[in-house]
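Colleague: coords below, sequence missing:
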């Protein structure tokens, strides 16, 4: 049963609603326990593509991790306060955590709080990614949680070996997801969304809804990648980013469907925060 308590707020950006030292202590506790969840969104002119989906994710994950109802009106209020006056695009991360949840008893009744942080963003297309495949499945893959050690560790190892990033695979070399992004493939003019263990990405959901061509979902194994014409990564911060290759398999990075997808994504009407 969900407890009907609205989450409180903490922040380290801008004007603090309370004591700055208390906010920093909350950050330290989050670092100690690493138990929480978040969503990341690109904010342009006070608007966000798929804002309702971001809020829905936060509410659902809060119920899953803390058995508590999240006050999404508060989340919108905090985001508005953080981006007020910003003329440039910013990437906003909303983290929900309970800084007082004790390590020995995480089952205790929770009082989650909202932490909003920002960083500069770019809307310019980013270069294609060359990625390495790694057998790995995130803990509770359907939740966008703060447990990023494994993904970042594997990303670091891949970058030290000359790759840009990493894509995770499951049993039988089934493709799951990127370290912090979803992956899609193009076969002719058909979009293929892998059905491995992965976070239901908001940008991927928006693209699936916007694309006016054929698409399907199915398991994709590494052995099938040479049959694909193109591949791409999606997340809220960068939108759609072509993949130059996975391991030794290379892809076309200027495929016409990629250009079509970019245009249809940009045409999605953003929501006012």
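Modeller: Structure's in. What do you need? Owing to the predicted nature of the structure, the values given are computational and were not obtained by experimental measurement.
Colleague: Spell out which residues make up each domain of the chain.
Modeller: 8-120, 129-268 (automatic domain parsing).
Colleague: Which helix or strand contains residue 65?
Modeller: Counting by DSSP states H and E, the element that carries residue 65 is helix 51-66.
Colleague: ok, and the closest non-adjacent residue to residue 64?
Modeller: residue 143 (5.8 Å; Cβ to Cβ, 6 or more residues apart in numbering). No exception for glycine: its C-beta is placed from N, CA and C like everyone else's.
Colleague: And the next helix or strand past the helix holding residue 65?
Modeller: Taking DSSP H and E, what comes next after helix 51-66 is helix 72-83.
Colleague: mind listing what's buried in stretch 85-95?
Modeller: 89, 90, 91, 92, 94, 95 (16 or more other Cβ atoms under 10 Å).
Colleague: before we move on, what about stretch 242-260?
Modeller: The neighbour-count check on stretch 242-260 (16+ other Cβ under 10 Å) flags 242-246, 249, 251-253, 255, 257-258, 260 as buried.
Colleague: Then stretch 260-273?
Modeller: Residues 260, 261, 262, 264, 265, 270, 271, 273 are the ones in stretch 260-273 that count as buried (16+ other Cβ under 10 Å).
Colleague: I'd say the second one and residue 208 touch.
Modeller: Pointing back at residue 261 there. No: using Cβ atoms under 8 Å as the test, residue 261 is too far from residue 208 to be in contact (10.2 Å).
Colleague: Return every residue with contacts to both of the two.
Modeller: In terms of Cβ atoms under 8 Å, 6 or more residues apart in numbering, residue 261 and residue 208 are both contacted by the residues residue 191.
Colleague: Which strands and helices lie in contact with the helix or strand encompassing residue 208?
Modeller: Using DSSP H and E, residue 208 maps to helix 202-210. Here helix 202-210 touches helix 51-66, strand 182-187, strand 190-194, strand 230-235, strand 239-246, helix 256-266, going by 3 or more Cβ pairs under 8 Å, 6 or more residues apart in numbering; DSSP states H and E.
Colleague: what's the spacing between residue 106 and residue 118?
Modeller: 29 Å (Cβ to Cβ, to the nearest Å).
Colleague: Name the residue in those two with the higher neighbour count.
Modeller: Between residue 106 and residue 118, counting by other Cβ atoms under 10 Å, residue 118 is the more crowded of the two (17 against 13).
Colleague: Could you find the closest non-adjacent residue to the more buried one?
Modeller: residue 90 (4.8 Å).
Colleague: Identify the residues contacting residue 168.
Modeller: When contacts are counted by Cβ under 8 Å, 6+ apart, residue 168 touches 133-138, 151, 154, 175-179.
Colleague: my guess is residue 262 meets residue 238, correct?
Modeller: No: taking contacts as Cβ under 8 Å, residue 262 lies outside contact range of residue 238: 11.3 Å.
Colleague: Tell me how many other residues surround residue 53.
Modeller: Residue 53 - counted by other Cβ under 10 Å - has 20 other residues nearby.
Colleague: The one 10 residues further on now?
Modeller: Here the number of neighbours of residue 63 (other Cβ under 10 Å) works out to 14.
Colleague: now swap in residue 161 and tell me
Modeller: 9.
Colleague: closest to residue 42 among the contacts of residue 168?
Modeller: Sorting these by how near they are to residue 42, with Cβ to Cβ, puts residue 178 at the top with 17.3 Å.
Colleague: Would you mind giving the helices and strands packed on helix 202-210 as CSV with mean pLDDT and distance to residue 124 added?
Modeller: Formatted as CSV, the helices and strands packed on helix 202-210 follow (pLDDT from 0 to 100; distance: least, Cβ to Cβ, whole Å):
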stretch, mean pLDDT, distance to residue 124
helix 51-66, 98, 22
strand 182-187, 98, 21
strand 190-194, 98, 24
strand 230-235, 98, 15
strand 239-246, 97, 10
helix 256-266, 96, 12
